[in-house]
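1. what follows is a predicted protein model with its sequence.
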Amino acid sequence: NRGWGHTSARVAPNVLDPGYVPKFDDEITRVIWTIDFDNKTATPAEVCTDRLQTTLSDGQPVEGLLANLTLPLNPHSGCFGVAPPRGQAISTATSASNGGNMDYNGFVEGVTMYLPVYVAGALFHVGDGHALQGDGEIVGTGIEISFDVTFTVEVISGKTIHWPRAESDTHIMTAGNARPLDQCVEHASTEMIRFLEEDYGLTTREAHVLMGEVVEYDMGNMFDPAYTMICKMSKAVLDQMGAVRR
């Protein structure tokens, strides 16, 4: 895979105070990064004014404090999911209950995803390779790269979920994809309560009390049409309670 990636250079207006937006006037729109696969790092190499430039070329070398910047990679796929329900045709630029462009930097190697299936064959898709991305993808990109993805798929029969779920070594997770952001929180939180009740045997009261004191939230996409909020619950806390996965 190629040894470079590209990012936008401007924070999206929707995550800034409206009064600040017109004050930022910079012709630089794109940053090209070099990728060091041996050391697993990314370094900004060039800046350019062409928002469509995505390759190393004769752009202006990075100067100033950014020239000192080297960041560790956190490779992940920004977009994956299945076909949406009710015969919809949803752009992969956005997300919904079927997954999609959630751009959550915690969906990394080793995480198990659970997605609802709405059509025969599910029509799973994966893409949008990021070498690194901050929370929210607030410039509209991560460090966009090409990469190879190896994954396995298993069908879980007789199980219904409403929103994407996930599991890492340390947490169980649910994703809410919508707009405005509070609706994302509603979907993710409700799905987590279902997760705790259905898979770990908590009563509704137990789930509510637990959520109130130890729930964690991470931000996924805050740029594209639908936003993403991730609701997380520590497996260590569930183990302490004696809540065993069914």
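-> Now that the structure is in, tell me what you want to look at. Residues are numbered from 1 along each chain as shown.
2. contacting residues for residue 99?
-> Contacts for residue 99 were tallied using CB atoms under 8 Å, 6 or more residues apart in numbering; they are 80-82, 113, 115, 164, 175, 177. For every residue, glycine as well, the C-beta is placed using N, CA and C.
3. can you tell me which of the residues you listed is nearest residue 208?
-> Nearest to residue 208 among the contacts of residue 99, counting by CB to CB, is residue 175 at 20.1 Å.
4. where do the helices of the protein begin and end?
-> Ranges of helices in the chain, per DSSP state H, are 181-200, 204-214, 235-241.
5. for the nearest residue to residue 241 once chain neighbours are set aside, which residues are in contact?
-> Nearest residue to residue 241, sequence neighbours excluded (CB to CB, 6 or more residues apart in numbering): residue 210, at 7.6 Å. Residue 210 makes contact with 196, 202, 233, 237, 241, according to CB under 8 Å, 6+ apart.
6. how many other residues sit next to the fourth one?
-> I take that to be residue 237. The tally of other residues near residue 237 (other CB atoms under 10 Å) stands at 14.
7. give me the contacts around the helix or strand bottoming out on mean pLDDT in the chain.
-> One helix or strand of the chain scores below all others by mean pLDDT, DSSP states H and E: strand 60-61, with a mean of 90. Here strand 60-61 makes contact (CB under 8 Å, 6+ apart) with 45-48, 67.
8. do that again at 10 Å, thanks
-> For strand 60-61, the external contacting residues (CB atoms under 10 Å, 6 or more residues apart in numbering) are 28, 44-49, 67.
9. residues contacting the residue nearest to the spatial centre of the chain?
-> Nearest residue to the geometric centre of the chain (CA atoms, centre = their mean): residue 104, 1.4 Å. Neighbour list for residue 104: 76-78, 95, 111, 133, 135-137, 164, 166, 173, 175, 218-221, 228-230 [criterion: CB under 10 Å, 6+ apart].
10. quick check: it vs residue 245, distance?
-> 22 Å (CB to CB, to the nearest Å).
11. picking that back up, can you list the strands that the least confident helix or strand of the chain pairs with?
-> strand 41-48 (antiparallel) (DSSP bridges).
12. now the partner strand: average pLDDT?
-> Strand 41-48 comes out with an average pLDDT of 95.
13. ditto for stretch 199-210
-> Mean per-residue pLDDT for stretch 199-210: 98.
14. report the buried residues of it.
-> By neighbour count with 16 or more other CB atoms under 10 Å, stretch 199-210 contains the buried residues 199-200, 202, 207, 210.
15. thinking again about what came up before, of the contacts of residue 99, which is the most crowded?
-> Going by other CB under 10 Å, residue 164 tops the contacts of residue 99 with 31 neighbours.
16. what's near enough to touch that one?
-> 80-82, 95-100, 102, 104, 107, 113-116, 173-177, 187-188, 191, 228, 230.
17. kindly report the same for residue 44.
-> By CB under 10 Å, 6+ apart, the neighbours of residue 44 are 7, 9, 31-34, 61-62, 66-71, 143.
18. pull out the buried residues from these.
-> The neighbour count (16+ other CB under 10 Å) marks 7, 9, 31-33, 62, 143 as buried among the contacts of residue 44.
19. among those residues, find me the one that's closest to residue 125.
-> Using CB to CB, the buried ones among the contacts of residue 44 come closest to residue 125 at residue 143, 21.2 Å.
20. if I look at that closest one, how far off is residue 35?
-> Distance, residue 143 to residue 35, by CB to CB: 8 Å.
21. overlap in contacts, the two.
-> The contact sets of residue 143 and residue 35 overlap at 4-5, 42, 73, 75, 131-132 (CB under 10 Å, 6+ apart).
22. among these, name the buried ones.
-> Among the shared contacts of residue 143 and residue 35, the ones that count as buried by 16+ other CB under 10 Å are 4-5, 42, 73, 75, 131-132.
23. what's the burial count for residue 103?
-> 29.
24. Provide a list of residues in contact with residue 16.
-> Shown in contact with residue 16 (CB under 10 Å, 6+ apart): 10, 23-24, 138.
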